[in-house]
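fold the following and give me the result.
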Amino acid sequence: MNTPKIVEIKEDITSRNNLFAKEIKKEMASKKIYFLNVMASPGSGKTTLIVNLVNRLKKDFKIGVIEADIDSDVDAKTVNETGVKTIQMHTAGACHITCQMSYEALLALGFGDLDVVILENVGNLVCPAEFDTGATQNLVLLSIPEGDDKPLKYPLMFEVADIVAITKTDVLPAFDFSFEKAKENVKKRNKNAQTFVLTALKDDGVNELENYLREQILKVKNG
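From the prediction side, this is the model:
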């Protein structure tokens, strides 16, 4: 009987990814570019919110958007209608974006002359949170239909969030959802996360998030 071969892994993938992420953060900071990584479940309203925010911010800042999907270019076409620089990234089946993929997309986008880059990560509440993309901040969406317990069930996603947007508030009457519980559950995972409540499709409550992002963008631009 053959003896199984033991392979010792000297360095894990996550550690290498995090080291590369630090380099991207340094480069973006040196170029004074605010890089936002948007994560959430499929259908939570990521693209709708991104379009709303881009339309609000594009008159004052040069913006580029990276749309990441397993397949199709539906979201990229939607964002492209805003008139900002947009590219589609296909992950070839991967459920997340690694730092290497993030940087290749940034190069393909041509980020050198931009003030803001927005990455719409693959729709998933698990894998994307495990890989630092090199973004300045992470924005996580929690939609009303998903339930107020998701921060408890998917802890890492909310632990890495700098910003949490509770979305689709217009459908609240049809669901058993408590804003108080949702906010409390977010705080259990991340006391420092900034939480906003909004409905991007109806342009309700987006002002507060826009103002917060403007502050963050200017903070990066002013060094």
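
what sits against the residue nearest the centre of the chain?
Geometric centre of the chain, nearest residue: V38, 1.4 Å, by C-alpha atoms, centre = their mean. Contact analysis of V38 by C-beta atoms under 8 Å, 6 or more residues apart in numbering lists 46, 49-50, 118-121, 139-141. For the C-beta atoms, the positions are set from N, CA and C on the backbone; glycine is no exception.

next: E120.
38, 46-47, 50, 65-68, 75, 79.

swap in 6 Å and give it another go.
Applying C-beta atoms under 6 Å, 6 or more residues apart in numbering to E120 gives the contacts 38, 46, 50, 67.

go through these and flag which are in strands.
Those of these mapping onto strands are 38, 67, per DSSP state E.

would you turn the contacts of E120 into JSON lines with distance to K58?
Formatted as JSON lines, the contacts of E120 follow (distance: C-beta to C-beta, whole Å):
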{"residue": "V38", "distance to K58": "16"}
{"residue": "K46", "distance to K58": "18"}
{"residue": "I50", "distance to K58": "12"}
{"residue": "E67", "distance to K58": "16"}
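
buried subset of the contacts of E120?
When the contacts of E120 are checked for burial by 16 or more other C-beta atoms under 10 Å, the buried set is 38, 46, 50, 67.

now do the buried residues in stretch 216-223.
Result for stretch 216-223 [16+ other C-beta under 10 Å]: buried residues 216-217, 220.

from those, pick the one nearest D60.
Checking these against D60 with C-beta to C-beta, the nearest one is I217 at 8.7 Å.

correct me, but the closest one touches Y34?
Yes. With contacts counted by C-beta atoms under 6 Å, I217 reaches Y34, the gap being 4.4 Å.

list residues touching both of the two?
Joint contacts of I217 and Y34 (C-beta under 6 Å, 6+ apart) are V116.

report all helices and strands that the longest helix anywhere in the chain contacts.
Of all segments of type helix in the chain, defined using DSSP state H, the longest is helix 13-30. Judged by 3 or more C-beta pairs under 6 Å, 6 or more residues apart in numbering; DSSP states H and E, the packing partners of helix 13-30 are helix 99-109.
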